[in-house]
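**Student:** Dropping a prediction and its sequence here:
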Number of protein chains: 2
Amino acid sequence: MISTPEGYVAQTSTSLAACLAKVPQLAERLGGKPDAWRVEEVGDGNLNLVFKVYGPQGAMAVKQALPYVRLVGESWPLPLSRAHYEHMALSEHERLTGRLVPKIYHYDETLALIAMELLEPHIIMRHGMIGGIEYPQFAADISTFMARSLFFTSDLALSADRKKAMIGAFSGNTALCKITEDLIFTDPYRVADLNRWTKPYLDPYAARWREDDDLKIAVSRLKLKFMSSAEAMLHGDLHTGSVMLTTEDTRVIDPEFAFMGPMGFDVGAVIANFLINYFSQDGHEGK
Amino acid sequence: MISTPEGYVAQTSTSLAACLAKVPQLAERLGGKPDAWRVEEVGDGNLNLVFKVYGPQGAMAVKQALPYVRLVGESWPLPLSRAHYEHMALSEHERLTGRLVPKIYHYDETLALIAMELLEPHIIMRHGMIGGIEYPQFAADISTFMARSLFFTSDLALSADRKKAMIGAFSGNTALCKITEDLIFTDPYRVADLNRWTKPYLDPYAARWREDDDLKIAVSRLKLKFMSSAEAMLHGDLHTGSVMLTTEDTRVIDPEFAFMGPMGFDVGAVIANFLINYFSQDGHEGK
């Protein structure tokens, strides 16, 4: 059993209402009595618990970190502090990009729990893209999100002491950075348990990656840059699974991988996700 | 009057013996009674107080930070925390390069005071170079110092979490970094009060620097790298004024500018100091 700090309790859809009722501004937002609140565990988070909560007056989303990777279980511990980094980054994003992120209603450091705006009828962008939905507003919104969040947390905009304070503030988010270091910059180029690809169709591509020394050297250079170049506050996981949207409204969620790193990582992740969708679209249409 | 934390007292050559006598391992090292100890304020530090202390059994150097720049006075405040960063860097240097730095005997965080090995008959390398002394051991020693201190604090040697912990640990040393940002990367290319050059001989060179836009752009790129590229723990002020040596023994001192930055800054500072000495040698010989 993984140990957790005193006061931490993983919430369930039965326990959560009582937990939220203790916070006046949340109770007021939901309205009525806690026994009138409906709580649903969404169950599609890879790392965390995610709930939707509906009251007579209003609704909210509640995200709670578990002391392990939800998708894998207790065999893969992951520190609760990621909620701290997510809240810090989300607050910065709200300050810098306003309407492009969900509003934060409440943060509980002990419970590693964030209550925020429920995004409805928004869907995860990846699903929308696989479904072939066009998002005419997205290019402008994501460009604004990246331009403002990256520029205003870089040396181009901040004084050096404010910048170094941000570097210090995010320097402890190492467990999440390690996931990126492994899953993006190391594992895909070698035999690794977590590698997945469409078999047997992509077997020759996977094999070619494992044997390409030039590629490994090039990726090592990028990995070193990822680890040592503190250019700006990155979202750190800016793929189309971290965007919820409608055709009119775009919101970037889940910045728990945030740290001070090279701007190109966020920008590249967005572009790469478009390319992946583009090249896989034929396959999705064929189904 | 600049305020200082409770317990901080700037030492004088009269007060210091009583202060050191309270620390058993220092008293033991000096030997005999405190009234038998001889204390000299060296008076050549730009930023700090530096004392030599001699007892019947042994001797030591004592360096204390003042809450301002010693050379300028109270009009230029500078945080006492620089002693904390100096001690942290000096400890790392000792661990990584052993005999190439002075031994630390004692560190007092409240007094911002470090007691360390007295280096005698060592002299400041800059004075030796101006005097035309050859140091056959220096190239090997400084190469070893840089290779070991830079490599072993970089991503090439550290795990990512250890590296990020070091970045966090040094991220508060902003006041000292600011001096470098201004005095090396900004002021020399514009009109600034602290600029000094040999007048009138170098006037046209100074004017040319002030008017060279290409140079300013190139230096801005290097400044951005200095501020954002956390490659390794830098000494941060690695010129020939931060080296004390004899023809046989080399010691690197004064790492209070230490922070996690680009390796090239330390390496470049050493090479630049050789070039400056080389080109000014004719002038020194002419005296």
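**Tutor:** Yes, it's here.
**Student:** tell me the contacts of the residue nearest the centre of chain A?
**Tutor:** For chain A, the residue sitting closest to the mean C-alpha position, by CA atoms, centre = their mean, is A:Asp254 at 2.9 Å. Counting by CB atoms under 8 Å, 6 or more residues apart in numbering or on different chains, A:Asp254 touches A:Glu86, A:Asp237, A:Ser242. C-beta coordinates here come from the backbone N, C-alpha and C atoms, glycine included.
**Student:** Which of these has the largest number of neighbours?
**Tutor:** Counting neighbours by other CB atoms under 10 Å in any protein chain shown, A:Glu86 leads the contacts of A:Asp254 with 25 neighbours.
**Student:** which residues touch the closest residue in space to it that isn't next to it in sequence?
**Tutor:** With CB to CB, 6 or more residues apart in numbering or on different chains as the measure, A:Glu256 is the residue that lies nearest to A:Glu86, at 3.8 Å, once sequence neighbours are left out. Contacts were defined as CB under 8 Å, 6+ apart; by that measure A:Glu256 touches A:Leu47, A:Asn48, A:Ala65, A:Arg82, A:Ala83, A:Tyr85, A:Glu86, A:Ala89, A:Leu176, A:Gly236, A:Asp237.
**Student:** what's the helix or strand hosting A:Gly268 packed up against?
**Tutor:** Assigned by DSSP states H and E, A:Gly268 belongs to helix A:263-286. Under the contact criterion of 3 or more CB pairs under 8 Å, 6 or more residues apart in numbering or on different chains; DSSP states H and E, helix A:263-286 touches helix A:125-130, helix A:138-151, strand A:232-234.
**Student:** please redo it, this time with the cut-off set to 10 Å
**Tutor:** Packing partners of helix A:263-286 (3 or more CB pairs under 10 Å, 6 or more residues apart in numbering or on different chains; DSSP states H and E): helix A:125-130, helix A:138-151, helix A:213-228, strand A:232-234.
**Student:** ok, and for it, which residues are buried?
**Tutor:** Of the residues in helix A:263-286, those buried by neighbour count under the rule 16 or more other CB atoms under 10 Å in any protein chain shown are A:Met263, A:Gly264, A:Phe265, A:Asp266, A:Val267, A:Ala269, A:Val270, A:Asn273, A:Asn277.
**Student:** Go through these and name the one nearest chain B.
**Tutor:** Of all the buried residues of helix A:263-286, the one with the least separation from chain B (CB to the nearest CB) is A:Met263, at 10.0 Å.
**Student:** Now the closest one. Nearest residue, chain neighbours left out?
**Tutor:** Using CB to CB, 6+ apart and skipping the chain neighbours, the partner closest in space to A:Met263 is A:Leu150 (4.7 Å).
**Student:** Domain-wise, how is chain A divided?
**Tutor:** When chain A is parsed into structural domains using automatic domain parsing, the resulting residue ranges are A:16-116, A:124-286.
**Student:** ok and the residue in the stretch 1-150 of chain A nearest chain B?
**Tutor:** Each residue of the stretch 1-150 of chain A has a distance to chain B, by CB to the nearest CB, and the smallest belongs to A:Pro79, at 10.8 Å.
**Student:** Correct me if wrong, but that residue is in a helix.
**Tutor:** No - going by DSSP: H, G, I helix; E, B strand; the rest coil, the assignment for A:Pro79 is coil, not a helix.
**Student:** ranges for the helices of the stretch 1-150 of chain A?
**Tutor:** Secondary structure of the stretch 1-150 of chain A (DSSP state H, counting those that start in this stretch): helices at A:16-21, A:24-30, A:82-97, A:125-130, A:138-151.
**Student:** Now tabulate those helices in CSV and tack on mean pLDDT.
**Tutor:** Rendered in CSV, the data for the helices of the stretch 1-150 of chain A read as follows (pLDDT from 0 to 100):
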stretch, mean pLDDT
helix A:16-21, 97
helix A:24-30, 98
helix A:82-97, 98
helix A:125-130, 95
helix A:138-151, 98
